[in-house]
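Asker: Sequence and predicted structure, then a few things I'm wondering about:
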Amino acid sequence: QLYQPLQQLPQHLNILPATFAHSIEIVVLVSVTAIAVLVTGAAIEVATKRDSDLDQELKGHGIANFTAGLLGGVVGSNAVARSTLNLQAGAATRLSGVIAGALCLAVLFTSPRLAGYLSRPVMGATLLYLSIRLMQEWLVRGRKELAPTDYALVVLMFLLVVWFKTFVISLLVGALASCLIFAVNYSRVSLVRNAFTCDEYGSKVQRSAEEHQVLRVRGRQFWVLRLRGYLFFGSIVGLVNDIRRRIQDSHAHSLQPLRVLVLDFRYVNGMDSSAVLSLVKLRQIIEERKMQLVFTELQPDMETVLRREGCIRNDDLALVFSDIDAALEWCELRALAMEPSLHRVDMPFVQRLGKEFGSVELAQRYMAYVDRIELKQGEYLFRQGDASGATYVIESGRLSIVLERDKAPPLLLRSVTGNTTIGEMGLYRQSI
């Protein structure tokens, strides 16, 4: 009789409509079993202080339940209590499972009626004990241990089970409510990983003291937000509202109103369509204030969606940079361009040094001890390990400090521009 479902399947196909009629229950059963395997697997890891392969657990349970279903068996999963009991009894190897399976097979192939001699009151008492234990754990102890929303969800699911006398509706409502609670709680987590202006943090370009002084004042007009997580309607709306308030306050009360907003997407995992529309709305806010919007480290699919929705166009209102350092350098150049005194290319180098030394005479005396070197593009000034016995003052151009790697392109560590020095630390160390 145990093999009767499998034997009658080819002959009585009229049972298929009945099977499809319970398709919802089957899907719920499979989903709950998969979740139970993961949850109990993690609990067993804690109880036994051992690591388990959850992927292997899912595969093993899937094969076992599929085979059991073909042979007329019921769905099963791992259990924390029985696993802990086996471990405490010394059955810590796979042999315990083999013995338990062998005993079940022995009853199956010898006399399946032996299972019918189990006392029904004992089985009923066991079910009653388990139900009371579950209610005590979730309805009584859970009131103190669970969050109010989680506890309210547990009570709701319990009442649904009692009212409808089935687990399907309760589990469906519980799953939907859990997703809603997760979305609400996740939306309360700030999307901003870091927030700063260019007067607080700059690019890898080393600039002169005069330029740094300008950036300390003008850099406040360039606001950088490094975002994180997943962008969706519940979280991006609050972010856009915060940005709008900051822009309004800046333009209403500050002498240095915001000119550029930089959004770094390096730590963003993804975004939905509602987030794209919110960013389009942010572009409109930026356009209204005659500002500029800068995106950095956008994933290709994100950039494609933003261009399709019109948030990024072929104009100067919204720009895209490959990394945040390139965006910061662009912001610094914009800030320095606002200071006309920095763009006097006709001033001799000695006079520029005189401004740093405080006297042109000191600059002229200094020039008597230096040699002028001209480097072509791509030419090295010195490499790591070379003798360090000189300090260099950059008259014009740009010098890059890079880390050469064997199986990767060179890594830019720092860039040096005019009116700055390099190599002074090696000279100082030799003089000590």
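Answerer: Thanks, I have the structure now.
Asker: any idea where the helices of the stretch 251-400 of the chain begin and end?
Answerer: Along the stretch 251-400 of the chain, the segments classed as helices by DSSP state H, counting those that start in this stretch run 273-288, 300-308, 324-337, 349-357, 360-367.
Asker: now what about stretch 251-271, what contacts it?
Answerer: By Cβ atoms under 8 Å, 6 or more residues apart in numbering, the residues outside stretch 251-271 that reach it are 193, 217-218, 220-232, 236, 243, 246-247, 250, 286, 289, 291-299, 302, 305, 323-324, 327-328, 331, 334. Glycine gets a C-beta too; all of them are placed from N, C-alpha and C.
Asker: Quick check, pLDDT for residue 326.
Answerer: Reported pLDDT at residue 326 in the predicted model: 93.
Asker: In terms of helices and strands, where is the spatially most central residue of the chain?
Answerer: For the chain, the residue nearest the mean C-alpha position is residue 229 (4.3 Å; Cα atoms, centre = their mean). Here residue 229 sits within strand 222-231, counting by DSSP states H and E.
Asker: how big is the angle separating the lengthiest strand in the chain from helix 300-308?
Answerer: Determined from DSSP state E, the single longest strand within the chain is strand 260-271. Comparing the axes of strand 260-271 and helix 300-308 via axes from the mean of the first three to the mean of the last three Cα atoms, to 10 degrees yields an angle of 120 degrees.
Asker: what lines up beside strand 260-271 in the sheet?
Answerer: strand 222-231 (parallel), strand 292-296 (parallel) (DSSP bridges).
Asker: For this structure, which segments count as strands?
Answerer: Using DSSP E, strands in the chain cover 192-197, 205-206, 222-231, 260-271, 292-296, 318-321, 392-393, 399-403, 411-416, 421-422.
Asker: other SSEs contacting the second one?
Answerer: Contact partners of strand 205-206 among helices and strands, from 3 or more Cβ pairs under 8 Å, 6 or more residues apart in numbering; DSSP states H and E: strand 411-416.
Asker: pLDDT on the strand it packs on, on average?
Answerer: 85.
Asker: hey, C-alpha coordinates of that strand in PDB?
Answerer: Included here for strand 411-416 are C-alpha records, laid out as PDB according to Å, rounded to 0.1, in the frame of the first residue of the first chain:
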ATOM      1  CA  LEU A 411      48.200  52.900  -9.400                       C
ATOM      2  CA  LEU A 412      48.100  56.700  -9.100                       C
ATOM      3  CA  LEU A 413      49.000  57.700  -5.500                       C
ATOM      4  CA  ARG A 414      49.400  61.500  -5.900                       C
ATOM      5  CA  SER A 415      49.800  64.300  -8.500                       C
ATOM      6  CA  VAL A 416      52.000  67.300  -8.000                       C
END
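Asker: so how far is it off the chain centroid?
Answerer: Computed by Cα atoms, centre = their mean, to the nearest Å, the separation of strand 411-416 from the middle of its chain amounts to 28 Å.
Asker: Next: stretch 128-139.
Answerer: 38 Å.
Asker: ok, now stretch 169-181?
Answerer: 25 Å.
Asker: what's that stretch in contact with?
Answerer: With Cβ under 8 Å, 6+ apart, stretch 169-181 has contacts from 28, 31, 32, 149, 150, 153, 156, 157, 158, 160, 161, 164.
Asker: if I look at residue 277, how far off is residue 311?
Answerer: 9 Å (Cβ to Cβ, to the nearest Å).
Asker: Those two - which one has more neighbours?
Answerer: residue 311 (22 against 15; other Cβ atoms under 10 Å).
Asker: give me every residue that touches that one.
Answerer: Contacts of residue 311 (Cβ under 8 Å, 6+ apart): 276, 279, 280, 282, 283, 318.
Asker: Please produce CSV containing the residues you listed, extended by pLDDT.
Answerer: Formatted as CSV, those follow (pLDDT from 0 to 100):
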residue, pLDDT
276, 92
279, 94
280, 94
282, 94
283, 95
318, 94
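Asker: Enumerate every residue touching the residue nearest to the centre of the chain.
Answerer: 186, 189, 191, 235, 267, 268, 269.
Asker: That one pairs with what?
Answerer: With DSSP bridges as the rule, residue 229 is bridged to residue 268.
Asker: roughly how far apart are it and residue 71?
Answerer: Following Cβ to Cβ, the distance that separates residue 229 from residue 71 is 46 Å.
Asker: Same question for residue 227.
Answerer: Distance from residue 227 to residue 71, by Cβ to Cβ: 53 Å.
Asker: Those two - which one has more neighbours?
Answerer: With neighbours defined as other Cβ under 10 Å, residue 227 and residue 71 compare such that residue 227 has more, 21 against 11.
Asker: quick one: low-confidence parts of the stretch 1-150 of the chain?
Answerer: Within the stretch 1-150 of the chain, the segments meeting pLDDT under 70 span 1-19, 21-22, 46-47, 80-82, 84-85, 115, 117-119.
Asker: How are the helices of it distributed by residue range?
Answerer: 4-8, 15-21, 23-48, 54-70, 80-88, 95-110, 120-135, 142-145, 148-164.
Asker: Of all the ones you listed, which one comes closest to residue 400?
Answerer: helix 54-70 (45.7 Å; Cβ to Cβ).
Asker: still on that earlier bit, from the contacts of residue 229, which two are the most distant?
Answerer: The largest separation in these, counting by Cβ to Cβ, is between 186 and 267 at 15.1 Å.
Asker: circling back to that earlier point, any idea which of the contacts of stretch 169-181 is closest to residue 197?
Answerer: Among the contacts of stretch 169-181, and counting by Cβ to Cβ, the member closest to residue 197 is residue 149, at 37.9 Å.
Asker: What separation is there between that closest one and residue 128?
Answerer: From residue 149 to residue 128 the distance is 30 Å (Cβ to Cβ).
Asker: ok, back up a step: the helices of the stretch 1-150 of the chain into JSON lines, with extra columns for mean neighbour count and distance to residue 409?
Answerer: Below are those laid out as JSON lines (neighbours: other Cβ atoms under 10 Å; distance: least, Cβ to Cβ, whole Å):
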{"stretch": "helix 4-8", "mean neighbour count": "12", "distance to residue 409": "62"}
{"stretch": "helix 15-21", "mean neighbour count": "9", "distance to residue 409": "58"}
{"stretch": "helix 23-48", "mean neighbour count": "14", "distance to residue 409": "41"}
{"stretch": "helix 54-70", "mean neighbour count": "13", "distance to residue 409": "35"}
{"stretch": "helix 80-88", "mean neighbour count": "14", "distance to residue 409": "51"}
{"stretch": "helix 95-110", "mean neighbour count": "11", "distance to residue 409": "53"}
{"stretch": "helix 120-135", "mean neighbour count": "10", "distance to residue 409": "59"}
{"stretch": "helix 142-145", "mean neighbour count": "11", "distance to residue 409": "53"}
{"stretch": "helix 148-164", "mean neighbour count": "14", "distance to residue 409": "49"}
